[in-house]
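**Q** Return atomic coordinates for the entry below.
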Amino acid sequence: MKRLFVLAALTLASLPAIAGEAGKEAAGAYKIETTSALKLKKGEKADAHVTIVPRSDAHVSPEAPLSMALSAGPSLQLAKTRLGRADGIATPQKGVDFVIPVTATASGRDEVKGQLSFFICTEKLCERQKRDVTVPVTVE
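**A** Numbers count the residues shown, from 1 in each chain. Alright, predicted model coming up:
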């Protein structure tokens, strides 16, 4: 009975290490690409892009929740503050591209901030990821 308890304790103790390894593997299964910077004149409109680019053996789950919450400072106006699956465009690499319409309302330096939530999947795992993204914007 003591041996069984010790074995069970060792197995439970190793779970955080296993979960940590899976988390590292999931995080390494993709990269996030954003528009490097936007330069606009007051009143001008442009699109910022945030793209999830999976490794060749991974994909963004087409069935799992996918969203991006958006915010911007006082120099910018966003068409939407929340994007969902219907707003994303599937990419040939089995990723997703979000197009974020932005309107410049006042001069200055500002940024579009987003919190991206999605599931990245491989043959071994399908794990939720949350990533913060920022696109700098200069309004002249």
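
**Q** how about low-confidence regions in the chain?
**A** For the chain, the stretches with pLDDT under 70 are 1-23.

**Q** and with 50 instead?
**A** For the chain, the stretches with pLDDT under 50 are 1-19.

**Q** Just read off the phi/psi values of S75.
**A** phi -90, psi 0 (degrees, to the nearest 10).

**Q** Spatially nearest residue to it, not counting backbone neighbours?
**A** Closest residue in space to S75, ignoring its immediate chain neighbours: D110 at 3.9 Å, by C-beta to C-beta, 6 or more residues apart in numbering. Backbone N, C-alpha and C define where each C-beta goes, glycine included.

**Q** in what helix or strand does that neighbour lie?
**A** Taking DSSP states H and E as the definition, D110 sits inside strand 108-121.

**Q** what do you get for V53?
**A** Counting by DSSP H and E, V53 is found in strand 45-54.

**Q** Counting by contacts, list what the following helix or strand past that strand packs against.
**A** Following strand 45-54 in sequence order, the next helix or strand is strand 59-60 (DSSP H and E). When contacts are defined as 3 or more C-beta pairs under 8 Å, 6 or more residues apart in numbering; DSSP states H and E, strand 59-60 sits against strand 108-121.

**Q** got the angle for the next helix or strand after the strand it packs on vs strand 45-54?
**A** Under the assignment DSSP H and E, the closest C-terminal helix or strand after strand 108-121 is strand 126-139. On the basis of axes from the mean of the first three to the mean of the last three C-alpha atoms, to 10 degrees, strand 126-139 is oriented at 150 degrees to strand 45-54.

**Q** in strand 126-139, what counts as buried?
**A** For strand 126-139, the neighbour count (16 or more other C-beta atoms under 10 Å) marks E127, Q129, R131, V133, V135, V137, V139 as buried.

**Q** Thanks a lot, see you next time.
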